[in-house]
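[1] what follows is a predicted structure for the sequence shown.
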Amino acid sequence: MSRDPLRGGLYENLFILEILKSGLNHGRRPELFFYRDTNGNEVDLVIKKGRTLVPVEIKSAVTFTPDFLKGIERFKKITGDRCSKGYVLYNGHDEYTLKGTRVFNPLAHEGLEACLF
């Protein structure tokens, strides 16, 4: 599967469904959206928590690149104070925070609850 052309979409859907399931299992109904503007800039997942928007970028890559932050950075500029820190979920082993965005592998580190609660 690591070479399958649909790998990115499958990986993305796996985590979106896990976030939805985790929220429902905690008695909450998460409000999940995606963002795409007319120029094709996008964020894979936006979680609405009250008036706050949480941007989440999901990448199946094993190696992190700073390009993963572009969509979240643009989204933060547009939404201003309504946006909380973002998350990049990827398939690598390292965990860190860059420009206020937490980068981690939810399969290797703590679960997805960090995005929801």
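    Happy to help now that I have it. Numbers count the residues shown, from 1 in each chain.
[2] and the one residue sitting closest to the centre of the chain, what element?
    When the chain is reduced to its mean C-alpha position, the nearest residue by C-alpha atoms, centre = their mean turns out to be V56, at 2.0 Å. Per DSSP states H and E, V56 falls inside strand 52-58.
[3] contact partners for the residue nearest to the centre of the chain?
    V56 makes contact with F15, I19, V43, D44, L45, V46, I47, G86, Y87, V88, L89, C115, according to C-beta atoms under 8 Å, 6 or more residues apart in numbering. Bear in mind the C-beta positions are built from the backbone N, C-alpha and C, glycine included.
[4] wait, the third one touches I72, no?
    Yes. Assessed by C-beta atoms under 8 Å, V43 is found in contact with I72 at 6.2 Å.
[5] okay, and the common contacts of those two?
    Common neighbours of V43 and I72, using C-beta under 8 Å, 6+ apart, are P55, E57.
[6] lowest-scoring secondary structure element of this structure by mean pLDDT?
    Ranking every helix and strand in the chain by mean pLDDT, DSSP states H and E puts helix 113-116 at the bottom, with a mean of 64.
[7] returning to what we had before: give the PyMOL command for selecting the buried subset of the contacts of V56.
    Selecting only the buried entries of the contacts of V56 in PyMOL, with 16 or more other C-beta atoms under 10 Å as the criterion:
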select buried, resi 15+19+43+44+45+46+47+86+87+88+89+115
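[8] among the contacts of V56, which one lies nearest to F64?
    Here the nearest of the contacts of V56 to F64, counting by C-beta to C-beta, is V88; it sits at 7.3 Å.
[9] A helix includes that closest one, no?
    No. Residue assignment for V88, taken from DSSP: H, G, I helix; E, B strand; the rest coil, gives strand, which places it outside any helix.
[10] give the contact list for it.
    Going by C-beta under 8 Å, 6+ apart, V88 touches V56, E57, I58, K59, F64, F68, L69, I72, T101, R102, V103, F104.
[11] partners of it in the sheet?
    E57, V103 (DSSP bridges).
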